[in-house]
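Novice: okay, structure incoming, though there's no sequence with it:
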Ligand code: 13P
């Protein structure tokens with residue numbers, strides 16, 4: 001192992017068949033919103049308790065290969081006093097870190113957003129590596145409307161994603177490249193397919209231009225899916241077929257793993273869609289798995305509701321959802337399992 005490049009070790013760990021990535025990197029503001037909806041107070045301590053609950057769920061490392069942390073969590077200790085990155089390492093789970101610094105309007109576009117955080121990113125990545133992080137995440141967003149996303153937003157976000165990815169690799173950190181086409185809106189699945197294809201094409205063009213090594217990256221895309229408010233939403237098989245079609249057109253086989261975001265789909269939808277992609281009888285040149293936040297956490301968070309008496313039940317809910325997604329990542333899930341008792 002001594003001569004293996006750290007990027008090789010990390011990508012091997014993160015692309016294991018049947019395992020996915022837990023996104024637990026919500027910013028303070030985002031966790032605050034999720035907690036508030038359930039009447040949970042958001043403090044440094046309650047956020048620490050929540051992340052501790054997830055990470056220490058017994059047996060979770062069977063289904064979760066990596067966890068993306070927010071800066072606050074990376075610097076906190078688990079409840080047993082071990083720093084979270086160390087705790088994850090002990091469990092055989094790779095610690096990751098969200099490094100983008102959120103969204104702002106891209107000037108001279110109709111209504112598009114660009115992701116911030118490139119300033120001093122190299123120094124921040126070196127510091128995160130020294131604290132145990134071995135992979136990172138950067139999210140770009142694209143919303144579909146009559147006038148968005150503009151070509152300028154597609155090209156600029158691609159350029160920024162590629163610069164981030166190159167800096168990560170230079171610092172021995174595997175980049176998760178996350179271009180998210182948002183679910184909000186009335187658009188059809190066909191419109192989502194056109195936008196997703198353009199976005200992914202631009203992203204891989206820019207990655208090539210910046211000499212990013214595709215063997216050492218993870219793509220985290222949204223699925224090709226009808227808008228949330230679309231009057232006639234496409235069914236599970238259509239989402240699976242169109243998503244795989246667009247990914248096969250745009251994502252080189254050198255990319256080891258694609259891990260979807262859930263993007264506001266229900267937990268059951270996110271699992272069923274992933275499973276259906278594995279049962280299409282189409283060759284998938286990459287590992288195809290999950291990197292969900294809401295679709296993995298929602299039921300567990302509701303069950304917990306901020307009360308220590310509910311920790312065990314919440315961990316069972318989290319374990320269950322992770323296990324169902326692990327089955328889906330092998331094409332072995334079916335909807336009847338939603339009613340079965342799947343606890344370890
Ligand atoms: P969701 O699965 O809730 O969309 O979150 C994934 C993520 O990491 C967004 O950046």
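Specialist: Good, I have the coordinates. Remember, predicted model here, so these are calculated numbers, not experimental data.

Novice: what segments of the stretch 151-300 of the chain are helices?
Specialist: 151-170, 189-209, 236-250, 267-277, 294-304 (DSSP state H, counting those that start in this stretch).

Novice: between those, which gets nearest to residue 316?
Specialist: Smallest distance to residue 316 across the helices of the stretch 151-300 of the chain (C-beta to C-beta): 7.9 Å, for helix 294-304. C-beta: built from backbone N, CA, C; applies to glycine.

Novice: quick check: next helix or strand after that closest one?
Specialist: The first helix or strand that comes after helix 294-304 along the chain, using DSSP states H and E, is helix 311-328.

Novice: list the buried ones in that following helix?
Specialist: By neighbour count on 16 or more other C-beta atoms under 10 Å, the buried set for helix 311-328 is 311, 314-328.

Novice: any chance of the helices of the stretch 151-300 of the chain in CSV, plus mean neighbour count, distance to residue 33 and mean pLDDT?
Specialist: Putting the helices of the stretch 151-300 of the chain into CSV (neighbours: other C-beta atoms under 10 Å; distance: least, C-beta to C-beta, whole Å; pLDDT from 0 to 100) gives the following:
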stretch, mean neighbour count, distance to residue 33, mean pLDDT
helix 151-170, 21, 24, 98
helix 189-209, 19, 25, 98
helix 236-250, 19, 27, 98
helix 267-277, 22, 18, 98
helix 294-304, 22, 11, 98
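
Novice: would you enumerate the residues in contact with the nearest residue to residue 116 once chain neighbours are set aside?
Specialist: Closest residue to residue 116 apart from its sequence neighbours, by C-beta to C-beta, 6 or more residues apart in numbering: residue 101 at 4.7 Å. With contact taken as C-beta atoms under 8 Å, 6 or more residues apart in numbering, residue 101 is in contact with 115-117.

Novice: out of those residues, which are inside helices?
Specialist: Taking DSSP state H, every one of those sits outside helices.

Novice: make a PyMOL selection of the buried ones in these.
Specialist: This is how PyMOL selects the buried members of these, with burial counted by 16+ other C-beta under 10 Å:
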select buried, resi 115
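
Novice: in this structure residue 17 contacts residue 329, no?
Specialist: Yes. Residue 17 is in contact with residue 329 according to C-beta atoms under 8 Å; the separation is 7.3 Å.

Novice: which one's more surrounded, these two?
Specialist: residue 329 (26 against 11; other C-beta atoms under 10 Å).

Novice: is that one in contact with residue 289, as I believe?
Specialist: Yes. Assessed by C-beta under 8 Å, residue 329 is found in contact with residue 289 at 4.4 Å.

Novice: overlap in contacts, the two.
Specialist: 18-20, 274.

Novice: pull out the buried members of those.
Specialist: Taking 16+ other C-beta under 10 Å as the criterion, what is buried in the shared contacts of residue 329 and residue 289 is 18-20, 274.

Novice: which parts of the stretch 51-200 of the chain sit against the ligand?
Specialist: Taking C-beta under 6 Å from any ligand atom as the contact definition, the stretch 51-200 of the chain meets the ligand at 139, 178.

Novice: for the stretch 51-200 of the chain, give the residue positioned nearest to the ligand.
Specialist: The ligand sits closest to residue 139 of the stretch 51-200 of the chain, with a gap of 4.3 Å, by C-beta to the nearest ligand atom.

Novice: what strand or helix carries that residue?
Specialist: strand 135-142.

Novice: re the thing from before, right, and out of the contacts of residue 101, which lies closest to residue 77?
Specialist: Nearest to residue 77 among these is residue 117, at 25.7 Å by C-beta to C-beta.
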